[in-house]
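*Asks:* Just a sequence and a predicted model for now, questions to come.
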Amino acid sequence: MKLNNKTIIFIEDNDTYRQGITEFLQMHKLKIIEATNKKEALEQFYKNRNKIDLILSDLKLPDGNGIEILKEIKQIDSTIPFIFLTGQPDVESAVEALKAGAWDYLTKPVDLQHLLHKIQSCLENRLLQLENLELKKKLSEYTTGDFIIGNSPSIQKVIEKAKQIAPTDITVLIEGESGTGKEMLANFIHQNSLRKDKPFLKINCGAIVKSLLESELFGVVKGAYTGADKDRPGIFEAANGGTIFLDEIGELDLESQVRLLRVIEEKMVIRVGSTKPIPVDVRIIAATNKNLLEEVEKGNFREDLYYRLAVAKLTLPPLRERKEDILLLFNHFVTEFNEKYGKSVTKLSPDVLKFFQNYDWPGNIRQFKNVLESMVIMAKDDTLTMEDIPEELLKGPSPSTKKKLVDTIIPGISLEEYEKAIIQKNLAFTNGNREKTAQLLGISQRTLYRKLNEYQLK
């Protein structure tokens with residue numbers, strides 16, 4: 001790293017010592033602002049605060065000490081590093097300086113080459129720190145409410161509520177069908193919280209076998225079980241100070257639920273195979289595609305844990321309830337896919353848009369995105385047409401979805417009324433295309449024409 005034009009405030013009351021070090025650092029293209037006491041140093045900082053890259057300070061000064069300067073400046077800009085010099089070293093002052101946030105603590109007389117090396121390392125670390133802060137700032141902007149795409153009242157209501165609870169530390173339960181964007185909403189809450197500069201870690205409670213889940217969550221000590229060859233922290237320790245996203249919380253077994261409840265209440269974790277509690281400070285955001293209150297009634301989920309998780313509850317609407325957002329989602333995803341695959345798709349034909357808006361999207365936004373990606377790959381020009389729609393989408397709902405239809409049947413309604421309604425629904429779904437309607441219904445076009453005449457349907 002080049003030191004050219006980096007600016008240092010050097011605070012030292014010994015004129016000869018200060019001038020000697022200043023001349024040496026200036027030889028290496030560093031800009032030095034000199035100060036002889038605390039008052040001068042703070043005046044120079046406030047005067048040049050946007051230019052300062054590092055503070056080099058004697059620990060003891062005529063009107064105070066360097067740690068007092070450090071604490072005041074860190075409140076203004078936590079990224080500015082401090083290196084302390086002292087002629088009377090002692091362990092207590094060194095510990096105090098480092099605890100207050102000093103980068104290093106050197107004893108006079110200092111080796112000049114060693115000091116230069118320390119300054120260079122310090123400035124490289126600050127550069128990395130500033131780059132990370134800039135990336136986090138961009139990520140925060142990227143995960144604003146606008147990124148949780150949608151103008152429909154249902155999704156805007158969720159976004160506004162998320163903005164209100166984000167700055168707090170309360171636990172959050174996000175409910176919603178698979179593919180509705182629960183993880184994205186959890187990340188949005190974290191990025192708009194006071195913990196945004198700390199870790200955001202996630203774990204899928206349904207994707208890890210029970211025997212390993214607790215060690216993933218709470219950690220494990222060496223020898224706790226076969227294969228535990230060393231101490232290992234769990235996700236709670238790794239996320240200390242930040243946020244944990246527990247996806248598919250409804251899949252957590254009852255024994256693990258008890259341990260999780262204890263962690264929430266006591267803010268302590270105990271690694272598997274240990275009895276020693278470890279303090280943790282994390283915010284928990286949980287998500288589920290199940291109705292947890294129903295799971296509580298069935299005895300599958302602890303009621304006390306449910307209420308500790310659902311201090312704030314957000315419910316993401318399925319895509320079929322916010323179809324006015326489909327065009328907005330199309331514009332967002334198609335830009336990504338055009339760049340990814342070198343395509344130039346910009347439009348949906350009116351019949352495709354109507355088809356999309358009539359489809360129930362059991363897989364929600366995740367399914368819509370996957371379908372759109374496939375269509376963009378196969379597109380021949382800038383407009384997606386009915387020919388681009390994947391064949392499986394035209395075949396209608398999956399077997400699991402069809403099974404749920406049985407539960408919607410209302411006793412007392414005639415077969416004729418159901419048949420008429422089914423034909424009308426499928427005609428609307430295909431935008432009046434009789435050939436595709438017949439395919440969806442599993443009947444011949446001739447039979448469909450007869451039914452249309454019989455029920456006087458257009």
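*Replies:* That came through, no problem.

*Asks:* Domain ranges for this structure, per the record?
*Replies:* 7-137, 147-317, 320-399, 409-454 (automatic domain parsing).

*Asks:* tell me the secondary structure for the residue nearest in space to the middle of the chain?
*Replies:* Central residue check for the chain by C-alpha atoms, centre = their mean: the C-alpha nearest the mean position is that of residue 187, 2.7 Å away. Look at residue 187: counting by DSSP: H, G, I helix; E, B strand; the rest coil, its state is helix.

*Asks:* Pretty sure it sits against residue 200.
*Replies:* Yes: at 6.3 Å, residue 187 counts as touching residue 200 under the criterion of C-beta atoms under 8 Å. In short, each C-beta sits where N, CA and C put it, glycine included.

*Asks:* got any residues that touch both of those two?
*Replies:* Here residue 187 and residue 200 have residue 245 as joint contacts, going by C-beta atoms under 8 Å, 6 or more residues apart in numbering.

*Asks:* which residues in the stretch 201-350 of the chain form strands?
*Replies:* 243-247, 268-270, 277-279, 283-288, 312-315, 347-348 (DSSP state E, counting those that start in this stretch).

*Asks:* Give me the contact list for the last one.
*Replies:* With C-beta under 8 Å, 6+ apart as the contact definition, strand 347-348 has outside contacts at 327, 330, 356, 382, 383, 384.

*Asks:* Past it, which element shows up next along the chain?
*Replies:* helix 350-358 (DSSP states H and E).

*Asks:* got any ranges where the stretch 1-150 of the chain has weak pLDDT?
*Replies:* 1-2, 89, 132-147 (pLDDT under 70).

*Asks:* show me where it has strands.
*Replies:* 7-11, 31-35, 52-58, 60-61, 64-65, 82-86, 104-107.

*Asks:* Make TSV out of these and add distance to residue 442.
*Replies:* Listed next are the strands of the stretch 1-150 of the chain as TSV, based on distance: least, C-beta to C-beta, whole Å:
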stretch	distance to residue 442
strand 7-11	77
strand 31-35	80
strand 52-58	73
strand 60-61	88
strand 64-65	85
strand 82-86	76
strand 104-107	76
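
*Asks:* Please tabulate the ones you listed in JSON lines, including the columns mean neighbour count.
*Replies:* JSON lines is the format used below for the strands of the stretch 1-150 of the chain (neighbours: other C-beta atoms under 10 Å):
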{"stretch": "strand 7-11", "mean neighbour count": "23"}
{"stretch": "strand 31-35", "mean neighbour count": "19"}
{"stretch": "strand 52-58", "mean neighbour count": "23"}
{"stretch": "strand 60-61", "mean neighbour count": "18"}
{"stretch": "strand 64-65", "mean neighbour count": "16"}
{"stretch": "strand 82-86", "mean neighbour count": "24"}
{"stretch": "strand 104-107", "mean neighbour count": "16"}
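
*Asks:* So which of those strands is nearest residue 301?
*Replies:* Closest to residue 301 of the strands of the stretch 1-150 of the chain is strand 82-86 (C-beta to C-beta; 50.7 Å).

*Asks:* what packs against the closest one?
*Replies:* strand 52-58, helix 66-76, helix 91-99, strand 104-107, helix 112-142 (3 or more C-beta pairs under 8 Å, 6 or more residues apart in numbering; DSSP states H and E).

*Asks:* Most neighbours out of the contacts of strand 347-348, which is it?
*Replies:* Among the contacts of strand 347-348, the one with the most neighbours (other C-beta atoms under 10 Å) is residue 384, at 24 neighbours.

*Asks:* can you pull the contacts of that one?
*Replies:* Counting by C-beta under 8 Å, 6+ apart, residue 384 has contacts 345, 347, 348, 349, 352, 375, 376.
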